[in-house]
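Peer 1: Below are the sequence and a predicted model; questions follow.
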Amino acid sequence: MWVLAEVYEQDLAFVKVGDMAKVVVNTWPRSLFHGQGDLHLSLDRQGNRTARLRIEVANPDGLLRADMAATVEIDAPIAGPVGWRPPTRRSSTPASGRLLLVERGEGKYEPRP
């Protein structure tokens, strides 16, 4: 069985043919199907800026049918270090990250630690 997964254009660099995928169809939410991407299809030029990845999924019990809606998780490792950089502007948010919003009137609020 083939599952066609929509992949956003900005994520295409991370997805390649051969990546493993986990598929859950709405009809069988407790069943997990495993597959492997075997073909990239063309980029959609109609405005949604996605491409399709065809995933081949085993369907020995015949549970999967054409046109079923599904959620697909593609195991696409990102090469190289990935990190987070704090904002350069100094934040007034306390270390705990907790703020209290105090009403100042007329729909205006002031954040306070």
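Peer 2: Noted; the coordinates are in hand.
Peer 1: so who does the residue most central in space within the chain touch?
Peer 2: Centroid check for the chain by Cα atoms, centre = their mean gives residue 73 as the closest residue, at 7.3 Å. Neighbour list for residue 73: 21-23 [criterion: Cβ atoms under 8 Å, 6 or more residues apart in numbering]. All C-beta atoms are positioned from the backbone trio N, CA, C, and that covers glycine.
Peer 1: Strands - which of these land there?
Peer 2: 21-23 (DSSP state E).
Peer 1: Buried among those residues? Make that a ChimeraX selection.
Peer 2: Selection of buried members from the ones in strands among the contacts of residue 73 for ChimeraX, criterion 16 or more other Cβ atoms under 10 Å:
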select :21,23
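Peer 1: Tabulate the ones in strands among the contacts of residue 73 (a markdown table), appending distance to residue 104 and pLDDT.
Peer 2: A markdown table is the format used below for the ones in strands among the contacts of residue 73 (distance: Cβ to Cβ, whole Å; pLDDT from 0 to 100):
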| residue | distance to residue 104 | pLDDT |
| --- | --- | --- |
| 21 | 51 | 93 |
| 22 | 49 | 94 |
| 23 | 51 | 95 |
